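Visitor: Predicted model follows, preceded by the sequence.
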Amino acid sequence: MQITRREFIKLTGTAALAAVIAGCDWETDPDFALRLEKAREVTTICPYCSCGCGAICYVEGGKLVSVSGDPEHPINEGALCSKGASLLNLNTVYNYRSHAPELNPNRLTKVLYRAPHSTQWEERDWQWALERIAQRVKETRDATFEREAGGVAVNRTTAIAHLGSAALDNEENYLLAKLMRSLGVVNLDHQARL
Ligand code: SF4
């Protein structure tokens, strides 16, 4: 089928408008602003990047119904970038059938483990995961620790690397850096530099 440029713009414009109207029920509910006023406000930090913008989560009946930038936060003063503005969808998706917000089914809430050479993910508990990580770090460090290189004391392992998270605060990053250095890890960096 041949389609002219003008017809294409008309079609995509209509589709975009339909999508906006279909999404109106929830956040453009005329009572939504009133509902938000009554919702419980919980302040948090955006988990995505190292800017650490402040956000307010609005909770209604135990469910997250909206997220906005925190105007009192000194870093972002109420603004959120497009990624931060999508924070709500990390937890909640709008169900167009029931016209209600529900937990995002794609959000991982359990430890998933894929054994070497396996194609299957298996659910494990946190205790198992922590013990497994500790065991693998010890094995790797024991097998690769160098006391000296070229006649110079180095006390290091280059087989382990550590990447800090933007979701951690200064104190947590300080402790992690201390832990890594005490293990002899020299390849350590932080997401804020990427
Ligand atoms: S809102 Fe954007 S800039 Fe701010 S922390 Fe989140 S991802 Fe980073």
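Guide: Yes, it's here.
Visitor: any idea how far Trp128 lies from Glu122?
Guide: As judged by Cβ to Cβ, to the nearest Å, Trp128 and Glu122 stand 10 Å apart. Just so you know, the C-beta spots here come from the backbone N, C-alpha and C atoms, and that holds for glycine as well.
Visitor: Check the contact lists of these two and give me the overlap.
Guide: Both Trp128 and Glu122 are contacted by Tyr113, under the criterion Cβ atoms under 8 Å, 6 or more residues apart in numbering.
Visitor: what's the top strand by length along the chain in contact with?
Guide: Scanning the chain for the longest strand, with DSSP state E as the assignment, gives strand 152-164. For strand 152-164, the surrounding residues in contact (Cβ under 8 Å, 6+ apart) are 137, 140-141, 143-148, 173, 176-177, 180, 183-192.
Visitor: residues in contact with Phe145?
Guide: For Phe145, counting by Cβ under 8 Å, 6+ apart, the contacting residues are 155-157, 184.
Visitor: Past the worst-scoring helix or strand of the chain on mean pLDDT, which element shows up next along the chain?
Guide: Ranking every helix and strand in the chain by mean pLDDT, DSSP states H and E puts helix 24-27 at the bottom, with a mean of 47. As assigned by DSSP states H and E, the chain's next helix or strand after helix 24-27 is helix 32-38.
Visitor: residue ranges with poor pLDDT in this structure?
Guide: Scanning the chain for pLDDT under 70 picks out 1-29, 192-194.
Visitor: of all of it, which residue lies closest to the ligand?
Guide: Here the residue of the chain nearest the ligand is Gly84; by Cβ to the nearest ligand atom that distance is 2.2 Å.
Visitor: wouldn't that residue be in contact with Tyr48 here?
Guide: Yes - with contact defined as Cβ atoms under 8 Å, Gly84 reaches Tyr48; the gap is 6.4 Å.
Visitor: Look at Leu80 and say how many residues are nearby.
Guide: Per other Cβ atoms under 10 Å, the neighbour tally for Leu80 reads 20.
Visitor: now the strand or helix carrying Ser182, how far from the centre of its chain.
Guide: Assigned by DSSP H and E, Ser182 falls within helix 170-183. Relative to its chain's centre, helix 170-183 lies at 21 Å (Cα atoms, centre = their mean, to the nearest Å).
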